[in-house]
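Peer 1: Here's my sequence, what's the structure:
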Amino acid sequence: MGRFIDPRVDWAFKRIFGSEDTKECLITFLNGLFEDELVIKDVTFAKTEKLGLRPDDRGVVFDVYCVTNEDKHIIVEMQKKEQEYFADRALYYTARAIVQQGVRGIWDYHLAPVYTVCFMDFVSESPMLKEFRTDLVLTDLQTRQRVSDRIRIVYLQLPLFDKHTEAECMDIFDCWIYIMKNMNMFEQMPFSEKYPVFRKLAEIGDLRKLSREELELYDEDIKNMRDIYATRKFDEKRGMEKGMAKGMAKEKIATAYRLLSMGLSEAQVSTATELPLEEIQKIRK
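Peer 2: Numbers count the residues shown, from 1 in each chain. Got it, this is the predicted structure:
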């Protein structure tokens, strides 16, 4: 373990990106992510819990929700494990932030843009998500031209980020992703000389400077992340074992067919393949 907190766990992620005292981190990350598109000078943090329009509607809770100085709404999420409909979940969150802009009474339906940024600490099985970064926008199907800036979703699959050394990082966005993947292993914060924001990050992310209460909250999240990792690895191992067992069973059955066709007795085939005699009898039939 290094000197700094792991930004992939819930408490640390919100400490870095979801606090008024540390919003410089969020601003520089977003400007790097949307370089040449947006210039964010300031953000205002909004409530992360959005209730339904009716009492029986499902609410949502965002990790980080802010509004920029240009009135763009930005949601930033960290997802630690795969969900069957994860891509749809991000769309649902984005849509809820759009619907919440509705005004009672007279309203002309003017909407502020909503951008959702999804950090993913796993590689998705979705055929839609094949690269480290995937940007979804509304486009015309025939012309491929963007038709609206009111909705945008960016997926960032951290395991697919292919820069493994500091020297490979070309801009501040690369630096941010490199740090997001490796910060808990550092003894010294990289890129601090080039980008002052990382000096701030080193200060707020130093494990030695956390209060006892903060450390307890962080340790609880670390435990939860380890439990998720252990569960994932066990499921993968169990799946591999089941796959191997199924493959071996198929091979034994194929061998039994060949031996029976060669004229061996059912008892001989049972001994050779270690399949029950009843199974061999079914195969012969």
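Peer 1: could you give the mean pLDDT of the helix or strand hosting A272?
Peer 2: For A272, the host element (DSSP states H and E) is helix 266-273. For helix 266-273, mean pLDDT is 78.
Peer 1: try stretch 98-113
Peer 2: The model assigns stretch 98-113 a mean pLDDT of 90.
Peer 1: buried residues in that stretch?
Peer 2: Q100, P113 (16 or more other C-beta atoms under 10 Å). Glycine gets a C-beta too; all of them are placed from N, C-alpha and C.
Peer 1: Just the CA atoms of it, as PDB, please.
Peer 2: Presented in PDB, the C-alpha positions along stretch 98-113 are these (Å, rounded to 0.1, in the frame of the first residue of the first chain):
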ATOM      1  CA  ILE A  98     -33.100  16.200 -17.700                       C
ATOM      2  CA  VAL A  99     -36.600  15.500 -16.400                       C
ATOM      3  CA  GLN A 100     -35.900  17.300 -13.100                       C
ATOM      4  CA  GLN A 101     -35.500  20.500 -15.000                       C
ATOM      5  CA  GLY A 102     -39.200  20.600 -15.800                       C
ATOM      6  CA  VAL A 103     -41.000  23.700 -14.400                       C
ATOM      7  CA  ARG A 104     -44.600  23.700 -13.200                       C
ATOM      8  CA  GLY A 105     -47.000  26.000 -15.100                       C
ATOM      9  CA  ILE A 106     -45.900  28.000 -18.100                       C
ATOM     10  CA  TRP A 107     -42.600  26.600 -19.600                       C
ATOM     11  CA  ASP A 108     -41.100  26.600 -23.000                       C
ATOM     12  CA  TYR A 109     -39.200  23.300 -22.600                       C
ATOM     13  CA  HIS A 110     -35.800  25.000 -22.700                       C
ATOM     14  CA  LEU A 111     -33.300  22.400 -21.300                       C
ATOM     15  CA  ALA A 112     -29.800  22.700 -20.000                       C
ATOM     16  CA  PRO A 113     -27.300  20.100 -21.300                       C
END
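Peer 1: Contacts for that stretch next, please.
Peer 2: Contact with stretch 98-113 is made by K50, L53, V67, D71, K72, H73, V114, D149, R150, I151, R152, as judged by C-beta atoms under 8 Å, 6 or more residues apart in numbering.
Peer 1: Any regions of the protein where pLDDT drops low?
Peer 2: 1, 50-59, 227-237, 239-245 (pLDDT under 70).
Peer 1: Tell me which residue is most central in it.
Peer 2: The residue lying closest to the centre of the chain (C-alpha atoms, centre = their mean) is M120, at 1.5 Å.
Peer 1: Who is it paired with across the strands?
Peer 2: Q79, Q157 (DSSP bridges).
Peer 1: Now the buried members of the contacts of stretch 98-113.
Peer 2: Among the contacts of stretch 98-113, those classed as buried by 16+ other C-beta under 10 Å are K50, V67, K72, H73, V114, R150, I151, R152.
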